[in-house]
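S.K.: Any chance you could fold what I've pasted below:
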Amino acid sequence: MNKEKNKGGVKIRALKHAFPKTLPILAGFLFLGMSYGFYMRAEGFPFYFPILMSIVIFGGSLEFVAVSMLLSLFSPVTAFFMALVIQARHLFYGIALLDKYKGTGKKKPYLIFGMCDESFSINCSAEIPEDVDKGWFYFFVTLLNQSYWVLGASLGSLVGSLVAFNTEGIEFVMTAMFIVIFLENWLKEKQHISSLIGVIASVICLLLFGKDSFLIPAMVCIVLLLFAFKRPIGRCEK
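M.R.: I've put the predicted structure just below:
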């Protein structure tokens, strides 16, 4: 009985410490999640689709891109490479968190699945008190952040099902999100070589391959160019 109380106390302390850290994520995820729910409903999907996808995929930008993939011709190879390229940064997140997630036991599979930019940022930078279990702290940060996204997507989907309004142009939310991410990175960069590589390669591939087929060639070109210019980019960042 005492062991169960102790376990409960450990979890509660971890949750109390994790929750305030995730509050800034709550507002952003609710807004973007609702936009995603509206977007899927506007494209004609049933109300439960955004909810299920936010639970199963939990990929943010990948979920928005998945809408267009579901509406296009079935191409599992393209879908696989698209997902791999869009979420490739998670490979580096995983390497960076190898030590932190060591010893988390049964929680580790969910910590790996639920990784996102925001959870990575919090779990990497948070100062965790000695009386708070680190494994449970990481777990609750990840769970809370996904819960915010699922809640936002659910609200957007349900409201989109119940309220009739003009959703024309709501698909621009995805474009706006990528523009904001790009601008944030641009402002943080000491050099803009990598950003310019991304823009120029994308424009050239768009002209060469067209809007329906340019994304994967553009991603391949960007990766190759970043490797080719790795040293000058590194020197500029120092």
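S.K.: who's in contact with Ala83?
M.R.: By CB atoms under 8 Å, 6 or more residues apart in numbering, the contact set of Ala83 is Gly59, Leu62. No exception for glycine: its C-beta is placed from N, CA and C like everyone else's.
S.K.: Just the buried positions in the helix or strand encompassing it, please.
M.R.: For Ala83, the host element (DSSP states H and E) is helix 76-86. Going by neighbour count (16 or more other CB atoms under 10 Å), the buried part of helix 76-86 is Met82, Ala83, Val85, Ile86.
S.K.: Over to stretch 104-114?
M.R.: Within stretch 104-114, the residues that qualify as buried are Thr104, Lys107, Leu111, Gly114, counting by 16+ other CB under 10 Å.
S.K.: residues in contact with Leu155?
M.R.: Going by CB under 8 Å, 6+ apart, Leu155 touches Leu30, Gly33, Met34, Gly37.
S.K.: Is it possible to get CSV of the buried residues of helix 76-86 that adds distance to Lys190 and pLDDT?
M.R.: Output for those, formatted as CSV (distance: CB to CB, whole Å; pLDDT from 0 to 100):
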residue, distance to Lys190, pLDDT
Met82, 30, 77
Ala83, 30, 80
Val85, 25, 74
Ile86, 25, 76
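S.K.: Of all pairs in those residues, which one is the farthest apart?
M.R.: Put simply, by CB to CB the two of the buried residues of helix 76-86 set farthest apart are Ala83 and Val85, 7.5 Å from each other.
S.K.: residues contacting Phe58?
M.R.: Phe113, Gly114, Cys116, Gln146, Trp149, Val150.
S.K.: and with 10 Å instead?
M.R.: Applying CB atoms under 10 Å, 6 or more residues apart in numbering, we find Phe58 in contact with Phe113, Gly114, Met115, Cys116, Thr142, Asn145, Gln146, Trp149, Val150, Ala153.
S.K.: what do you get for Ser125?
M.R.: With contact set as CB under 10 Å, 6+ apart, Ser125 has these partners: Lys21.
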